[in-house]
Structure formats: C-alpha cells, structure tokens
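> structure for the following, please:
(chains A and B)
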Amino acid sequence: MNKTLNQKAWLFVIPVFVLVAFNAAVPLMTVVNYSFQETFGSNVFAWEGTRWFKEILHSERFHASLGRQIIFTFIILVIQLPLGIGIALTMPKKGWGVPVCLILMSMPLLIPWNVVGAMWNIFALPDIGFLGNSLNTLGFDYNFTQQSGDAWFTTILMDVWHWTSLVVLLSYAGLNSIQPAYYQAAEIDGASRWDIFRYIELPKMKKVLTLAILLRFMDSFMIYTEPFVLTGGGPGNATNFLSLDLVKMALGQFDLGPAAAMSLIYFLIVLLICWIFYTIMMKDEGRT
Amino acid sequence: MSLELKNVEKKVGIETHIHSTSIKLEKNTINVLLGSTLAGKTTLMQIMAGLDKPTNGEIWFNGENVTGKEVQKRNCSMVYQQFINYPNFTVFENIASPLKIIGIKSNEIKERVGKVAELLKLSAMLNKKPDELSGGQQQRTALARALVKDSDLILLDEPLANLDFKLREELREELPKLFEDRDCIVVYATTEPQDALMIGGNTATLLEGKVIQYGKTLDVYNKPENLTSARVFSDPPMNIAEINKNGETFKINNNNVEWKSNLKIKDGKYKIGIRPHNITTYKEGKNSVEINGRVLISELSGSESLIHFTNGELNWVSLSNGIQSKNIGEETKLYMNIDEFLYFDQNNRLVNHG
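Numbers count the residues shown, from 1 in each chain, chains lettered A, B, ... in the order given. Below you'll find the model as predicted:
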C-alpha cells in the first residue's frame, strides 16, 4: 500500500506544543538563561559561564541545606512508610468502619499547606499552644522557636500528620486488591502472619508502594510552605531546607544567577534520585 | 479414609448459604460438585477444608470429628479459580513452600518437587517466577503445590474456569490421571456438566445451597432422581414439557406430538425431560417421534448444530451432529429419541428408573 505524505497531522499537535512551551519550556529556559549570567538592574546582563554552578556546588551553605534536606526526607520516609502500611493493615476491610476510616484518613490531605503550617504553629506554641503548653506542663523543656531539636521534632510531626494518610490510602488500596484466595491458600499452607505479610502482601503492594515512596520523596524533598509558616527555617538555619534556602537566595538577597543555578541543580537531583529509584524498583516488572 | 458431612448447615445473618446437607465421600474418589454460581460449591468446600465453620452439623474425617479443627492441622490442599502462587517465589520455591513450612529436609524437598514438576510438565520452568508463565503454567504450579504435600483432601475450586479453551481441554484430560495413584479424596467444583462427564468419578448436583443428588457421575446423569438434578446436569438446558398418559399413548399438552410406550406407570399427568442432543434433525435410536417447529435461532458450535425452535407455545433446544443449516423462521421437522426420555411425576421425581 502506498502511503500518501500528509503533514496536516502537525497542525493537531501545535496546541500541545504551545501549551508545553508556556508552562514548561519557557520558564525553565528563563531559569537556564539566568543561571549563566550576572544580572544588573534595568535589564543589563553579563555572561558568566558556569561560574554560578561552580559556586553553588562548592558553597557550604548549599551543602548544609542539602544535608538537612536529605536527613529530613530520610526521616520522613522511614517514619511514614512503615506507619502508613501499619495503619492500612489494621484498617477494617468491610462494614461501617471503612468509610469512617477513609474519611478520617483523607482529612489531613484536604487541608492547604499553609493552613497546616499555621495550625501547627499555633498548636505548638510553648505558651498558649495545646501541644507546646502540654509538653511544658509535663516537664519537658519544649520551645520550637528557640531550640533546633524541638523545631525538627515539630516539623517532622507536622509532616507525619499531614502526609502519612497518603501512604495509608495507597497501601489500603493495594491490600484490598489482593484476592481473598491468597489468604486462604496461605492459611492452608500454615503460613504465619509475618509470612503472609512478607510473601503475599508486600509483593502485591509493590507497585503502590513504589508510587507512595516516589510521591513522598518528591514532596518532602521539595517541602516549602509548611516549614516556612511554622519555623521560617529557624531557629537560625536549623530547619532551612533547600526550597526555603532557594527562596531566600532568589527573593531575599536577589542573587538571581546563583539562585537559578541552584534551582537547576536542585531539579536535577530530584530527577536523578527518582529515576534511579524507579529503575531499581521496576527492574523485574518488564519481563512479562 | 472418608470425609463425611453430617447435617451441615451454613447461615450468614438471615441468609442460608448451605441447607442441611449430609454427604459421604470415600477414599480414592474424585467427587464433582456441579452447580451454577452461588449454588454453594465454594462454601461447601471451605467447610470441608476447615476454612469456614458450619453453623450446624458435624464434619467427620477418618472416623474423627474434625468440626472446628483448624485448616493447618487437617492436611488438605486447595486450588482456586484464580491462579494463586506466591508472587516473588520461583516455581520451585512455590511448589516447595508447603513442604518447607512443615519442616522437611531440603534434599527430600528437591526430590519431591522434581517429581511433581515432571508430572505437571513444569521441569523446564522451575527457576521462573509466576508472572513470567502463561495462565496454564501458573495453574499447573498451583496444582503442583497442592499435589506435593500428599494431602488427604484435595479441593479444586473451578480450577479451569480462567483458562482458555485449549488449555482447559488439555488440563481437564490430565486431571483424573494426576490423582489416579493417590491416597486421597479429591473434590472438584465446576459449573459445567461437561467437566463432570469427562472427569467421571462421583457427582453431586447442587442448587441454591442444597445437594440435590449424589452418586456415580453416569448414574446421576442417566437417572437423575428428580427434575432439578436433571436440569443442573444438562447443558444446553434440558427441554421440559407437560404430558398426558392414556394407556400406551403419551401426548405432549398444547401440541399434537404423541408416541406409544409400554412404560408401566399410572395414567395421568407427567412432565418430560428431553436433553437437547436427543432432539435431532435425523432419526437416531430405534424409536423416535417427529416434532415440527419454527426455527428461532440456528447456530454452530464446532461440528455440532444448535437449533432453537418453537412448538406448541414452548421453546425447544436441539443439538445435532454435523452442520445443519436452517434459516430463521423456517418450518422444520426434527426427531426425538423416545428411549432417552426422562419422565417425572407431579412431584418432579423420576418415574422411569429402568
């Protein structure tokens, strides 16, 4: 059969190109543009080459906030994944408890980030906040605005409260998709509760858990609003995570060049870790 | 060895899933539970296995009351309609899993798994994972897991239902052979009468949570105790008509089909059951009677022709060998094999046992 050459199809793709150009390519290229230049007032630019990248990669400030970020994300994943799976395992599978639990679990997810930050700020205030006041009454010397340990504790607690539900809901969906026959077969084999979890539930949840880890990694690695409202990065630089630091550099100090270079490095780190992780997790999946 | 259910009943809330059932399965038999979906086949099997407790009644195994005894202590195995294997174990590890749990030595495990794998043609894929296998191979793995353990009771819950036609045929032929030399009771649930006939052994017909009849498969097929059992064990569905007997003359109500028979039963009203393959476009058997009808549907199934037609306000289904093409709406003449008729009295009980 002879194919006729027909270029009209390109017309149909143009709207998508325009859309992608405006929401991704143009902003990204603007940042790339800034990252190679020095900016002066009244639109005067000077070419700087890779200077900003070198500066950022060697700056102690960047290393410090990247370190904080990695520790924070690591703690978040270590707490939220087992906790989320654990809660999902104990949730009822039928009856009136199901909608009650699902609604309770969805609630934190429906609250806007800055509201969560404000809520926890008030909740944790050492003098009038319920959490802060209770802890101090119990004899703990708690003040998240003064002590960096307390600031970390509060930020992590807030994130666990806000986002563990996501892991719960994903795990719950994964668990519910396991056919009852699997449990029966395991029961007949005489498998223990741990065996069932290890050899049936966990492998069957692999895909949703991969998704949960990816989402939780990306969100916690890019966290901004909640710590901004809760601690503002303080006390000192204690909770100054990458996004907070970036915004300070770009909008506080107005160092647009280094900030642009830092954004790109930040973006590449997220992309790289996600890619590595996804590739490892999905290594066995492509064979079928 | 025997498995006996004594007046077993299962209720969930106000719903009765199994009506009081008594049935005794003997050693070295394959027993088919035949019934449509929701007939209670799976529930009955779960009660037999000990996965579910009956509301009333007792289960006896080898002369021991095992009601309420946990499934792990009962040495039984089960294969499901879905292909149930441990997803991240290889085929070898899957087959070995029941043996590992009861603590058998690794060289014995190797030997036994090897044997079963050979029997089920899995030897070449022992190192693969279940999701790398075809559906048929996955189900073979599940079967191997059930066989490797030397269970006293092997339960197969519609094991072929999710397989495509060819694999189903293949595995169905192998199944009875797999259990031939085994010291165990096999229970096989299916919705298809054809499965029961091919597997042989014994058959229990089930409807709405009741065991209608239990006996040798061919006996249940040829001499259904009652109309319900006959209906369950017929696919395509059995033709049923009201008839009148007067002396040696039998006549179908509402039409002019009549025949003579020296069947020794009282004069009066009866019901007749005719399996579709006993109505054909050609004469079959010594005694046959003509029936005229208007064709409703005519379809081919392999080398058989299924013709649906109307006669005397009733819809009939016929199944003939070969390709018999009929046009819809066409008037046609078919023959019914009198010797294969099943006669039922007004209480739906079979009257021609002979």
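> any part of stretch B:83-94 near chain A?
Yes - against chain A, stretch B:83-94 shows contacts by C-beta under 8 Å from any C-beta of the partner chain at B:84, B:86-89. (C-beta placed from N, C-alpha, C; glycine too.)
> list the helices and strands the longest strand that chain B contains packs on?
If you go by DSSP state E, chain B has its longest strand at strand B:288-301. Secondary-structure packing of strand B:288-301 (3 or more C-beta pairs under 8 Å, 6 or more residues apart in numbering or on different chains; DSSP states H and E): strand B:304-311, strand B:314-321, strand B:331-337.
> out of the ones you listed, which gets nearest to residue B:290?
With respect to residue B:290, and counting by C-beta to C-beta, the nearest of those is strand B:331-337 at 5.8 Å.
> now the helices for chain B?
In chain B, the helices defined using DSSP state H lie at B:41-49, B:91-101, B:106-119, B:135-147, B:165-178, B:193-199, B:217-222, B:227-232.
> and the second one, what's buried?
Right, helix B:91-101. By neighbour count with 16 or more other C-beta atoms under 10 Å in any protein chain shown, helix B:91-101 contains the buried residues B:91-99, B:101.
> can I get those in CSV with pLDDT?
Below are the buried residues of helix B:91-101 laid out as CSV (pLDDT from 0 to 100):
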residue, pLDDT
B:91, 93
B:92, 93
B:93, 92
B:94, 92
B:95, 92
B:96, 91
B:97, 89
B:98, 87
B:99, 88
B:101, 84
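> OK, contacts around the residue in the stretch 151-300 of chain B that chain A sits nearest to?
At 8.2 Å from chain A, residue B:157 is the closest residue in the stretch 151-300 of chain B, using C-beta to the nearest C-beta. Listed by C-beta atoms under 8 Å, 6 or more residues apart in numbering or on different chains, the contact set of residue B:157 reads B:41-42, B:45, B:78-81, B:189.
> run the last query once more with 6 Å
B:42, B:45, B:80-81, B:189 (C-beta atoms under 6 Å, 6 or more residues apart in numbering or on different chains).
> let me see the confidence value for residue A:197.
Predicted confidence (pLDDT) for residue A:197: 92.
> who's in contact with it?
Residue A:197 touches nothing, counting by C-beta under 6 Å, 6+ apart.
> one more time with 8 Å
Counting by C-beta under 8 Å, 6+ apart, residue A:197 makes contact with residue A:89.
> likewise the one 3 residues further on?
Residue A:200 sits next to A:178, A:182-183, A:186, B:86-87 when contact means C-beta under 8 Å, 6+ apart.
> farthest-apart pair in the residues you listed, please.
Greatest spacing in the contacts of residue A:200, by C-beta to C-beta: A:183 and B:87 (13.7 Å).
> rank the helices of chain B by mean pLDDT and give me the bottom one.
Looking at the helices of chain B, the bottom one is helix B:165-178 with a mean of 83.
> and the angle for that helix with helix B:106-119?
120 degrees (axes from the mean of the first three to the mean of the last three C-alpha atoms, to 10 degrees).
> who are the packing partners of helix B:165-178?
Helix B:165-178 sits against helix B:135-147, helix B:193-199, with contacts defined as 3+ C-beta pairs under 8 Å, 6+ apart.
> just say which of the ones you listed is most tucked in.
helix B:135-147 (a mean of 23; mean count of other C-beta atoms under 10 Å in any protein chain shown).
> now do that helix against helix B:165-178, angle only.
Counting by the same axes, to 10 degrees, helix B:135-147 lies at 20 degrees to helix B:165-178.
> list the contacts of helix B:135-147.
Contacts of helix B:135-147 (C-beta under 8 Å, 6+ apart): B:77-80, B:83-85, B:91, B:94-95, B:97-98, B:113, B:116-117, B:119-122, B:125, B:130, B:133, B:154, B:156, B:159-160, B:162-164, B:167, B:170-171, B:178, B:182.
> taking these, please make a PyMOL selection of just the buried ones.
Only the buried entries of the contacts of helix B:135-147 go into this PyMOL selection, using 16+ other C-beta under 10 Å:
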select buried, chain B and resi 77+78+79+80+83+84+85+91+94+95+97+98+113+116+117+119+120+122+125+130+133+154+156+159+160+162+163+167+171+178
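> mind listing what residue B:42 touches?
Contacts of residue B:42 (C-beta under 8 Å, 6+ apart): B:157, B:189.
> spell out which residues of the stretch 151-288 of chain A are next to chain B.
Counting by C-beta under 8 Å from any C-beta, the residues of the stretch 151-288 of chain A close to chain B are A:179, A:181-182, A:184-185, A:187-191, A:195, A:199-200, A:203-204, A:284, A:287-288.
> in strands, which of those residues appear?
Among those, no member is found in strands (DSSP E).
> which of those are buried?
Buried members of these, counted by 16+ other C-beta under 10 Å: A:181-182, A:184-185, A:187-189, A:191, A:195, A:199-200, A:203-204.
> which one of the residues you listed sits closest to residue A:133?
residue A:204 (44.7 Å).
> just the pLDDT for that closest one.
On pLDDT, residue A:204 comes in at 90.
> quick one: the residue nearest to residue B:149 when sequence neighbours are not counted from residue B:324, how far?
Using C-beta to C-beta, 6 or more residues apart in numbering or on different chains and skipping the chain neighbours, the partner closest in space to residue B:149 is residue B:98 (4.6 Å). Note on residue B:98: its distance to residue B:324, by C-beta to C-beta, to the nearest Å, is 51 Å.
> chain center to stretch A:6-17, what's the gap?
Between the centre of stretch A:6-17 and the centre of its chain there are 36 Å (C-alpha atoms, centre = their mean, to the nearest Å).
> ok, stretch A:198-214 next?
Remark: stretch A:198-214 is offset 18 Å from the chain centroid, using C-alpha atoms, centre = their mean.
> got the CA positions of that stretch in CSV?
Written as CSV, here are the backbone C-alpha positions of stretch A:198-214 (Å, rounded to 0.1, in the frame of the first residue of the first chain):
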residue,chain,number,x,y,z
ARG,A,198,6.3,-10.8,53.7
TYR,A,199,5.4,-13.1,50.8
ILE,A,200,1.9,-12.0,49.8
GLU,A,201,1.0,-8.6,50.9
LEU,A,202,4.3,-6.8,50.4
PRO,A,203,5.0,-8.2,46.9
LYS,A,204,1.4,-7.5,45.9
MET,A,205,1.7,-3.9,47.2
LYS,A,206,5.0,-3.3,45.4
LYS,A,207,3.6,-1.1,42.7
VAL,A,208,1.5,1.2,45.0
LEU,A,209,4.4,1.4,47.5
THR,A,210,6.8,2.4,44.7
LEU,A,211,4.3,5.2,43.9
ALA,A,212,4.0,6.1,47.6
ILE,A,213,7.8,6.3,48.1
LEU,A,214,8.2,8.4,44.9
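> buried stuff in it?
Of all the residues in stretch A:198-214, those buried under the rule 16+ other C-beta under 10 Å are A:199-201, A:203-206, A:208-213.
> Throw the helices and strands packed on helix B:165-178 into TSV and include distance to residue A:107, thanks.
Below are the helices and strands packed on helix B:165-178 laid out as TSV (distance: least, C-beta to C-beta, whole Å):
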stretch	distance to residue A:107
helix B:135-147	41
helix B:193-199	51
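> which of these sits closest to residue B:22?
Each of those has some distance to residue B:22 by C-beta to C-beta; the shortest is helix B:193-199, at 20.6 Å.
> Provide the contact partners of the closest one at residue level.
By C-beta under 8 Å, 6+ apart, the residues outside helix B:193-199 that reach it are B:30, B:32, B:34, B:160, B:172-173, B:175-176, B:188, B:190, B:203, B:217, B:221, B:232-235.
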